[in-house]
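Peer 1: Sharing a sequence plus its predicted fold:
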Amino acid sequence: MATSNHSRRSSDGTSSSLPMTVIEPPPPHPNRLIPSSSHEATTPRASPRASPPPPPPQPSSIPPSPLLNDSSSNIHLTRISSPCHLQSLPSDFLTNDPTKPLLHVDEHGNEYSYYLNPMKKAVIFILLVEMLERFSFYGINYTTTAYLTGEYNEDWNADMPSILASSYVSISTAVAYTTPFLGALLADNILGEYWTILLGSILCYIPGLLLIALSTIPGFLGEVFNEGAVRWGLLVLWPIGTGTVKACVNVFGAKQFHPILQSSLIESYYVNFYMCINIGALTGGVIVPIVAQWNVTVAYFIPVCVLGAGVMLFSAGTGKYVKPKPKHDIHYVTTGVLEACGCGKTLRSQRERMIHPSPSESKVGIGTIALVSALVVPFNVAYAQMATTFIVQGSVMRPFGLVDAPMMNNADAISVLAFGYIIGNVIYPALNARQIKIPTTYKFAIGSAFGALALGCAIFTDYEIHRTYEATGEAISVLWQAFPYFLIGIGEIFAVSAAYEVAFTVAPAKMKSLASAANLFMVGGAPNVMCLMLYNACRSWFINSKGTANIHKLKDYASAKVNWVASIEEAAAETVKSPMSTPVIRKNLMQRRKLRTESSNENDEETPLVKSKKHVNYLKYGSGPQLLKMGSMRAGPSLKKKVPPHSQHRPPVAGVGTKEQAMAQQVRNKLLPYANSETPK
């Protein structure tokens, strides 16, 4: 064996300043799965040049083994999952516990034991709690817009306009995908992932769901509908609990795998993790909307009970989890963020870098991860429409049996499950067989392209709603929305799943949760903030003919300008009819003619005195008609010209100050005998 000058830990667990052993390929073994040529088995490897050992020694289970860098063997040494694989490992990676035989010692000397098959032993509890949490989240998220607008209970609801209800959902989702930063700081530095998940669920998540459910009971929180309780539950407690849990749960599951010997298994874990997300979303999106059509109170208490069961299952696996200790080093996280942004200096010592050799520690900062994750923002803007504008659109469409607008969200989960299986088991293997790997940025671009196609289908569906209503007065089937939902699901496979994997694999070991939070903010926080800006910019499109924003009825929806194509056509028609391109004088004449017509229609029978006053106004410009170039007749010269003295044909009456007053007095004197009669004699 060759030796390297790194400290190591002996088999009895005590520290030793002996140089670290460099693993040579052992002789062929009948159970060994690692192929090795006879040349490798007989030819010793050259030892690295010796140098003084670093003082004081720090234990680590990460030897710079040539075998780990061997391309022909690397895939096997990172997929240790069977007892026969243990014979190929040195004692530094083994414990005396047959239940958890794999050993890892971190840079602080903390020892952690791992299962050979963590997916079945420990990760299953984490996947179950994630599935039940997504059941609760999407069960509420898909039905909130319909609940706030009064679709489920017309007698007891918030009676919100559609645009306000959509804004509530977007704000809630934005908070849910921004608060992961809080959960990440708690997990990485104070509590650890396990306690952050448990306390976030108990203190925020479940109370928020319970408050929303209690608001559905008539009279329970007050004689009138308690919007304050809804705001606290929907905009504060529930999203904070969601964000706190979501920042840690996927990282906590990935940490159940040995960071070196099982690193290749993490990719399959994230596939299963994302499948559990969509199974929970599918079941919650089916059960809760169906029950809500019958009783919204019962429907909203289901997520409370389901999440409570998930927390109990998560607690049941406490003894099986690998619970890495928090670093208690906020300065490290702050420094990492500053370095990523280019605002700080590298403060880690050379010794610490030797303890964290590549690839155990990534040099990619949080700022870089956030920039990469920002590439999925365009797709997630389209994704965010599923719980807001798609629900508003579907609420005026004809249900297909029990399938209504909230239930149509499940088409997205079905699409992810179906096309995810095809892409993961057919397309990717076929590309790998041809040595073709899709870059991550290409995956983001493909996902965004499918998101754009989904919005195009939604626009066409909206056009069909207006066209059918104008032709027949009927509503079209809600199944028209299946096309955009399926396209969103396909884009989700490429964009969102790739973003989760990248955020975990390239993040530094001490900032896994913070990297996950940065990714979640780009997946849900920033897109929903953009959606809020779009909703407010297009607020006028949601106003119906009555001047309100309630468009959850087909008649009101058809009278609003939600169909942007129709609004453009109307604007073009108004432009064609507008007199802006005509001369200014022509515009003034048209306006006056319109006013005269409206005035004559309002009061056809005028008294002589009223007519005399109008005649006075007519004569104040001159004594007789004048033919203008535009073909109109008016008394006197143009409005902008003063009447010259020689054009006055009648001298002013004595005692009257001005010519106009004199004329008015003459006309009044002549018409006074007829003032009390209906018609002049």
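Peer 2: On my side now, so go ahead. Note that the structure is a prediction, hence the values are computed from the model and not measured.
Peer 1: Going by C-alpha atoms from here, please, whenever you check contacts or count neighbours.
Peer 2: OK.
Peer 1: Touching stretch 392-401 from outside, list them.
Peer 2: Counting contacts by CA atoms under 8 Å, 6 or more residues apart in numbering, the residues outside stretch 392-401 that touch it are 145-146, 162, 404-406, 462, 465, 475-479, 481, 551-554, 557.
Peer 1: Repeat that for stretch 380-388.
Peer 2: Applying CA under 8 Å, 6+ apart, the set of residues contacting stretch 380-388 from outside is 141-143, 145, 166-167, 169-170, 406, 409, 451-452, 454-455, 485, 488, 523-524, 527-528, 530-531.
Peer 1: Ok, stretch 481-489 next?
Peer 2: Counting by CA under 8 Å, 6+ apart, stretch 481-489 makes contact with 382-383, 386, 394, 408-409, 411-416, 419, 450-451, 453-458, 461, all of which sit outside it.
Peer 1: Tell me the buried residues in it?
Peer 2: Of the residues in stretch 481-489, those scored as buried under the neighbour-count criterion (16 or more other CA atoms under 10 Å) are Gln481, Ala482, Phe483, Pro484, Tyr485, Phe486, Leu487, Ile488, Gly489.
Peer 1: Now the residues you listed in TSV, please, with extra columns for pLDDT and distance to Lys255.
Peer 2: Listed next are these as TSV, based on pLDDT from 0 to 100; distance: CA to CA, whole Å:
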residue	pLDDT	distance to Lys255
Gln481	91	39
Ala482	92	37
Phe483	92	38
Pro484	93	36
Tyr485	92	33
Phe486	92	33
Leu487	93	33
Ile488	92	30
Gly489	90	28
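Peer 1: Which positions in the host helix or strand of Met275 come out as buried?
Peer 2: Assigned by DSSP states H and E, Met275 belongs to helix 265-294. By neighbour count, with 16+ other CA under 10 Å as the criterion, the buried positions of helix 265-294 are 265-266, 269-271, 273-286, 288-290, 292.
Peer 1: For the helix or strand that it is followed by, name the packing helices and strands.
Peer 2: In the C-terminal direction, the helix or strand that comes right after helix 265-294 (DSSP H and E) is helix 296-316. Packing partners of helix 296-316 (3 or more CA pairs under 8 Å, 6 or more residues apart in numbering; DSSP states H and E): helix 124-141, helix 206-214, helix 265-294.
Peer 1: picking that back up, please indicate which of the contacts of stretch 392-401 are buried?
Peer 2: Buried by 16+ other CA under 10 Å: 145-146, 162, 404-406, 462, 465, 475-476, 478-479, 481, 551-552, 554, 557, out of the contacts of stretch 392-401.
Peer 1: Keep only those of those that are in helices.
Peer 2: Among the buried ones among the contacts of stretch 392-401, the members found in helices (DSSP state H) are Thr145, Ala146, Ser162, Asp462, Ile465, Leu554, Tyr557.
Peer 1: residue ranges for the strands of the chain, please.
Peer 2: With DSSP state E as the criterion, the chain has strands at 2-4, 8-9, 15-16, 20-22, 102-105, 111-114, 625-627, 633-635.
Peer 1: hang on, the earlier thing: give the other helices and strands that the helix holding Met275 contacts.
Peer 2: If contacts are counted by 3+ CA pairs under 8 Å, 6+ apart, helix 265-294 sits against helix 124-141, helix 238-254, helix 296-316, helix 410-422, helix 482-505.
Peer 1: and the angle from it to helix 124-141?
Peer 2: Taking axes from the mean of the first three to the mean of the last three CA atoms, to 10 degrees, helix 265-294 and helix 124-141 form an angle of 40 degrees between their directions.
Peer 1: and the angle for helix 265-294 with helix 410-422?
Peer 2: Between helix 265-294 and helix 410-422, the angle formed by their directions is 160 degrees, by the same axes, to 10 degrees.
Peer 1: Now helix 265-294: average pLDDT?
Peer 2: On average, the pLDDT along helix 265-294 is 86.
Peer 1: could you check the angle helix 482-505 makes with that helix?
Peer 2: Interaxial angle of helix 265-294 relative to helix 482-505 (the same axes, to 10 degrees): 140 degrees.
Peer 1: report the angle between the axes of helix 265-294 and helix 238-254?
Peer 2: Computed by the same axes, to 10 degrees, the angle between helix 265-294 and helix 238-254 is 150 degrees.
Peer 1: Could you shift the numbering so residue one becomes 20, and keep it that way?
Peer 2: Happy to do that; since the first residue is 20 now, the last one works out to helix 284-313.
Peer 1: Determine the number of other residues adjacent to the nearest residue to Ala577 once chain neighbours are set aside.
Peer 2: By the measure of CA to CA, 6 or more residues apart in numbering, the closest residue to Ala577 outside its immediate chain neighbours is His485, 5.9 Å from it. Applying other CA atoms under 10 Å, we find 22 other residues in the vicinity of His485.
Peer 1: Hmm, Ala579 and His485 touching each other?
Peer 2: No - assessed by CA atoms under 8 Å, His485 is found out of contact with Ala579, at 10.0 Å.
Peer 1: Gln106: neighbouring residues, count only.
Peer 2: 13.
Peer 1: again with Thr524
Peer 2: When neighbours are defined as other CA under 10 Å, Thr524 has 18 of them.
Peer 1: Could you point out which residue ranges in the protein have low pLDDT?
Peer 2: Applying pLDDT under 70 to the chain flags residues 20-95, 347-383, 568, 571, 580-679, 692-700.
Peer 1: Next, the angle from the helix holding Met294 to helix 315-335.
Peer 2: Interaxial angle, helix 284-313 versus helix 315-335 (the same axes, to 10 degrees): 150 degrees.
Peer 1: which of the helices and strands packed on helix 284-313 is buried the deepest?
Peer 2: Comparing these on average neighbours per residue, with mean count of other CA atoms under 10 Å, the densest one is helix 257-273 at a mean of 27.
Peer 1: Kindly export it (C-alpha atoms) in CSV.
Peer 2: Once non-C-alpha atoms are left out, helix 257-273 reads as follows in CSV (Å, rounded to 0.1, in the frame of the first residue of the first chain):
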residue,chain,number,x,y,z
TRP,A,257,-49.6,28.0,6.2
PRO,A,258,-47.0,29.4,3.8
ILE,A,259,-44.3,29.8,6.5
GLY,A,260,-44.8,26.2,7.6
THR,A,261,-44.7,25.1,4.0
GLY,A,262,-41.5,26.9,3.2
THR,A,263,-39.8,25.8,6.4
VAL,A,264,-40.5,22.2,5.7
LYS,A,265,-39.9,22.3,2.0
ALA,A,266,-36.4,23.7,2.4
CYS,A,267,-35.2,20.8,4.5
VAL,A,268,-37.2,17.7,3.6
ASN,A,269,-35.4,16.9,0.3
VAL,A,270,-32.0,17.6,1.7
PHE,A,271,-32.7,15.5,4.8
GLY,A,272,-33.6,12.6,2.6
ALA,A,273,-30.5,12.9,0.5
